[in-house]
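S.K.: make a model of this:
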Amino acid sequence: MSKHGKKYLEAKAKIDQDVLYTPKEALDLVKETSFTNFDATVEVHLRMGLDPRQADQLLRDVVNLPHGLGKTVRVLVFAEGEGAAAAKEAGADVVADDDEWMKKIENGFTDFDVAISTPEMMGKAGKLGRVLGPRGLMPNPKAGTVVPAGDLPRAIVDAKAGRVEFRLDKTANIHVPLGKVSFTSDKLFENLATLMNAIKKARPAAAKGSYVRRVTVTSTMGPGVKVDPYQALAMEVS
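M.R.: Presented below is the predicted three-dimensional model:
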């Protein structure tokens, strides 16, 4: 007995599991086979030829997607004094500038999508690792989310505009949102091309052999569509 419902199976029947589609064909299929009655998120899943146990093969970086993610990104900022004032002015949804906020987050408040911190506040933010770490919300210099107070406005604008982080997980995979099913195929294509270019540029020097082994695009609850990895790496932003 299949654990998937009728709609999923009907959608899956439109995809040939033995075919590696071009990026454009795959994104068109993802749009066509999305069956949720909400605006589903389109995601890409990459199987990398990297060994996450080797420090010199780890991959972590950020990229600004040209068309954003199609959702409201809630930003929390750890800052004090002038930094806190600048963050409020730049549109931060939450400014955690006192012990009361730290306590609230320690007790499980995570109603935000991105956390940014000034270097001075990382001592306090770092103590919240138990809550922020597992959710991928811990500010990190490599992800562009630990910045001097003067750079907070730019970092907040970038986060709200569709700046996404990509990182190699423990199973040698990378998972990144690309936008919404309601986006045009061209917008999804440009977001994917921008991401693939960033992944190509971030290739660790110690990477050996096949760098990107498998590429799959999918929508929330929808079936996966396999993309030809060579064509995905050759994508160009127009």
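
S.K.: now the lengthiest helix in the chain, how far from the chain's geometric center?
M.R.: Using DSSP state H, we find that the single longest helix of the chain is helix 185-201. Distance of helix 185-201 from the chain centroid (CA atoms, centre = their mean, to the nearest Å) equals 12 Å.

S.K.: what mean pLDDT would you report for the helix or strand just after it?
M.R.: Next helix or strand after helix 185-201 toward the C-terminus (DSSP states H and E): strand 212-219. For strand 212-219, mean pLDDT rounds to 96.

S.K.: strands paired with strand 212-219, and their directions?
M.R.: Here strand 212-219 has these sheet partners by DSSP bridges: strand 41-48 (antiparallel), strand 225-227 (antiparallel).

S.K.: which one of the ones you listed lies closest to residue 23?
M.R.: Closest to residue 23 of these, according to CB to CB: strand 225-227, at 5.6 Å. For glycine as for every other residue, the C-beta is placed from the backbone atoms N, C-alpha and C.

S.K.: what does the following helix or strand past the closest one contact?
M.R.: Following strand 225-227 in sequence order, the next helix or strand is helix 229-233 (DSSP H and E). Residues outside helix 229-233 that contact it (CB atoms under 8 Å, 6 or more residues apart in numbering): 20, 22-23, 192, 196, 200, 210-215.

S.K.: save these as CSV, and put in distance to residue 78 and neighbour count too.
M.R.: As requested, these are exported to CSV (distance: CB to CB, whole Å; neighbours: other CB atoms under 10 Å):
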residue, distance to residue 78, neighbour count
20, 44, 17
22, 43, 14
23, 38, 23
192, 32, 26
196, 32, 25
200, 33, 14
210, 40, 13
211, 35, 17
212, 35, 21
213, 37, 14
214, 37, 17
215, 35, 25
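
S.K.: tell me which stretches of the chain form strands.
M.R.: 41-48, 60-64, 75-78, 94-96, 114-117, 163-167, 173-180, 212-219, 225-227 (DSSP state E).

S.K.: highest average neighbour count across these?
M.R.: strand 75-78 (a mean of 28; mean count of other CB atoms under 10 Å).

S.K.: just list what that strand packs against, helices and strands only.
M.R.: helix 81-89, strand 94-96, strand 114-117, helix 122-126, helix 152-161 (3 or more CB pairs under 8 Å, 6 or more residues apart in numbering; DSSP states H and E).

S.K.: what about the second one, average pLDDT?
M.R.: Within the predicted structure, the mean pLDDT of strand 94-96 is 95.

S.K.: give the partner strands of it in its sheet and their orientations.
M.R.: Going by DSSP bridges, the partners of strand 94-96 are strand 75-78 (parallel).

S.K.: what mean pLDDT would you report for the partner strand?
M.R.: On average, strand 75-78 scores 96.

S.K.: how distant is that strand from the center of its chain?
M.R.: 17 Å.

S.K.: same deal with stretch 210-229?
M.R.: Taking mean C-alpha positions (CA atoms, centre = their mean), stretch 210-229 and its chain are 15 Å apart.
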